[in-house]
Structure formats: C-alpha cells, structure tokens
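> Kindly return the folded structure for what I paste below:
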Amino acid sequence: MKKKVVVGMSGGVDSSVAAYLLKKQGYDVIGVTMQIWQNEDVCAVEQEGGCCGLSAVEDARRVAAALEIPYYVMNFRKEFQRDVIDYFVSEYQQGRTPNPCIACNRYVKWEALLNRSRMIGADYIATGHYARVIRLDNGRYTIRKSVTEEKDQTYALFNLTQEQLAHTLMPVGDYTKEQIRQIAQQIDVRVSKKKDSQEICFIPDHDYAGFIERETGGNVPPEGNFVTTDGRVLGRHRGITHYTVGQRKGLNLAMGHPVFVTEIRPETNEVVIGEAEEVFSNRLVCDHLNFMAVPDLKQDTCLTAKIRYAHKGASCMVRRISETEAEVVFDTPQRAVTPGQAVVFYAGDDIAGGGIIKYSVK
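Okay, here's the model as predicted:
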C-alpha cells in the first residue's frame, strides 16, 4: 500500500517540484495550500513573491491539476495569527528581533499541518525546503544541509521536534536550485521561472514598525533616548520597535561618523549607540533549546553556530549553564549578536540543536 504524503504547496517552483518528485517515487500525494493571510483582499504580498496570498492558491491548484493529484486549501489563519503575528509583535515590543519564519515552521507549517494531515490518514508531510531529513545511527532524526550551500534553509528549521521529523519528507534538498527549475520546465510547470518568496511574507513593504503600529492599534513603545553605554544622552529615538542590534541607517544622529545600535533596553526605553567595534560579541546565552542530532549537551562541545539566516557560521564552544539555558563562546567575536534571533549549532552538515538568543556579552 502506498504511503500517503501531504505536500505543502505555496504555488512556487520548489514545492511544485517536491510534489512531482514524491509522486514519481511512488507516494500517494495530496497537495495542500495553507491559507494563513489574515485579509483576503491583501494581494500585494504576491507582487513580492509571497507564499500565502490568493494567487498562490491559484498557482498551486494549477500545478496540482497538471500533476493529477488531489488539492485542498486548509485554513490556518488562527494559528498563524497566534503563533506568528502575535509573537512577532510581542517580541519587537520587548526590544527583541524575532524570526517569524522559524515560528511559522515550528507551529504552523509543521505542528498544525502535520496534525491535520494525520487526521486524514497521511503518513508524512513534505515541503520544498532546501534541506534533508536524516536518521542517524543513534536513532535520532536531524536536518542535514542541502547539497547547495547557497540555498540551504536548515537554519529556519532548527526547532522541529523528533516526532515531526519522523513524519517529514524534504525531497528538494538533494538538488540545486537550477536543477529544480530544470525539472519544473521538463514537466511543463508554469511556475518554473517564478521568483523566490521573501523572508517575511506578511510585511511585503518591509516596514516592521508600521506593521506593528497597525496591528496594535497604535499601542507601541513611545519615543525615548539614544544613549551611550555609560548613559550619556545623544538624542531621541522614534520608539524601540524601529531598531535592531547592528543597525546603522535611519538613526538620524549627527555624530560625524557611522555609529551603530549595540543594545536595546526596553525596561528604560533606551537605544544604546556605539562604535563599530562595540557591535561585536564573543559570547551569548540562549534559551528555548531544541536538540536534534544529540538528545542534549552533557559536556562542553565544539560546534559551528549560525546567529542569523545569512550568517556563514563560526566555530564555538557550547556548554549548558542551566536546565533551560546554554552558553556559546565563539573563537572570534561575531557582529550583531541579536536577542530574539536563533542560534543554530551544527556538527558538520547536521543540526545538533539550537536556541533563541537571550543576550550577548561583549
């Protein structure tokens, strides 16, 4: 009997080819688009290459018809609002810089979709991520980097659970982007030239502070002081939701040379400004830990860590310092270690685990 797999289809080339590859491998494939956008009338996200608006449904439906697989649209608006948008807004209001895609992957694209898929008898869910699910000799599942470093998407998947990974397929991770586009052209899928989606699909204009203000009805942190590390006032800021660690542009401070945001202090409503060298840290503490290749870190371990999606990774020592926290000490200082972002640990090409950055130490 064929194993049944629900493929999350965004209408883009990657998920379309994922569905094709799995059907070719002999799976009973069902295509599903997750309806998560909060306003049916908002289609501007599509012009930015988004994955959650109305034309995504139309594109995915056409692809499913071409592949001759069943296709459905499932409503996950409530989960997306609660676990992604509300989380995103709350983090920024607390002076942190979240990665909403990580939250979406963990709680919407996996937890919610997997639960609903298993209710209809599916054995697996699948996506078009450039990553590979691997079961190691120790019996644990991990996510291995894709064959193409350029498109690797493992960072945003670090907090998936062992149960979720056991029921996940990622066929695209064995191919380069160019190979995926070539396959799409060969099977005559019209989305083969569609551009990739943006990182944050629900803010197509990239105005995070404006989105937060609209989402909260204007209930945003007020203006406050720009200060130096030792407390000297340099000027006034527009509200902490406008800033992130490492930021240089948009500060409107006449300092005569480039300066940077080095810290955000929500408790005093201050944004700390410093020189370029003050943006670097050699140590961080993280919480909300999740482990993949290993069940936990029982001893100090040399690994490679990424502190943001586009970070190349850096050698470090990771040690547990409490039941809920780990300390990461880098061999060399890293730029803009940002509270709220994920730090993901790699053992070679495999995710060992990761957490959310709580604070850094210069």
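> which residues does residue 134 bridge with?
Judged by DSSP bridges, the bridge partners of residue 134 are residue 142.
> And for it, the neighbour number?
Neighbourhood size, residue 134 [other CB atoms under 10 Å]: 18. The way it works is simple: take the backbone N, C-alpha and C, and place the C-beta from them, glycine included.
> which residues does it contact?
141-144, 350 (CB atoms under 8 Å, 6 or more residues apart in numbering).
> Let me see the contact set for residue 272.
Counted by CB under 8 Å, 6+ apart, residue 272 has contacts 226-229, 261-265.
> repeat for residue 339
Going by CB under 8 Å, 6+ apart, residue 339 touches 95-97, 245, 264, 357-360.
> could you redo the last one with a cut-off of 10 Å?
By CB atoms under 10 Å, 6 or more residues apart in numbering, the residues touching residue 339 are 91, 94-98, 244-245, 263-264, 284-286, 356-360.
> What of residue 142?
By CB under 10 Å, 6+ apart, the contact list for residue 142 reads 132-136, 154, 158, 160, 162, 165, 291-294, 346-347, 349-353.
> Sort out which of these are buried, if you could.
Listed as buried from the contacts of residue 142 are 132-134, 154, 158, 160, 165, 291-294, 346-347, 349-353; burial here means 16 or more other CB atoms under 10 Å.
> Out of those residues, which sit inside helices?
Those of the buried ones among the contacts of residue 142 mapping onto helices are residue 165, per DSSP state H.
> can you give me the strands in the stretch 201-350 of the chain?
Using DSSP state E, counting those that start in this stretch, the strands of the stretch 201-350 of the chain run over 224-227, 233-237, 260-265, 270-274, 280-291, 301-306, 314-320, 326-335, 342-347, 350-361.
> Relative to residue 117, which of those strands is closest?
Residue 117 lies closest to strand 280-291 among the strands of the stretch 201-350 of the chain, at 21.6 Å (CB to CB).
> list the helices and strands that closest one packs on?
strand 314-320, strand 326-335, strand 342-347, strand 350-361 (3 or more CB pairs under 10 Å, 6 or more residues apart in numbering; DSSP states H and E).
> which parts of that strand are buried?
Going by neighbour count (16+ other CB under 10 Å), the buried part of strand 280-291 is 280-286, 289-291.
> ok, now stretch 298-310?
Neighbour counts using 16+ other CB under 10 Å place 301, 303-309 of stretch 298-310 among the buried residues.
> any idea how far the residue nearest to residue 333 when sequence neighbours are not counted is from residue 144?
Leaving aside its sequence neighbours, residue 333 sits nearest to residue 280 (CB to CB, 6 or more residues apart in numbering; 3.9 Å). Note on residue 280: its distance to residue 144, by CB to CB, to the nearest Å, is 30 Å.
> now residue 132
For residue 132, the distance to residue 144 - CB to CB - is 4 Å.
> Now do the shared contacts for those two.
By CB under 10 Å, 6+ apart, residue 132 and residue 144 have these common neighbours: 152, 154, 170, 173, 349-350.
> any idea which of these is closest to residue 36?
Of the shared contacts of residue 132 and residue 144, the one sitting nearest to residue 36 (CB to CB) turns out to be residue 170, at 20.2 Å.
> neighbours of the closest one, just the number please.
Neighbours of residue 170 (other CB under 10 Å): 24.
> one step back: and the contacts of residue 339, which are buried?
91, 94-98, 244-245, 263-264, 284-286, 356-358, 360.
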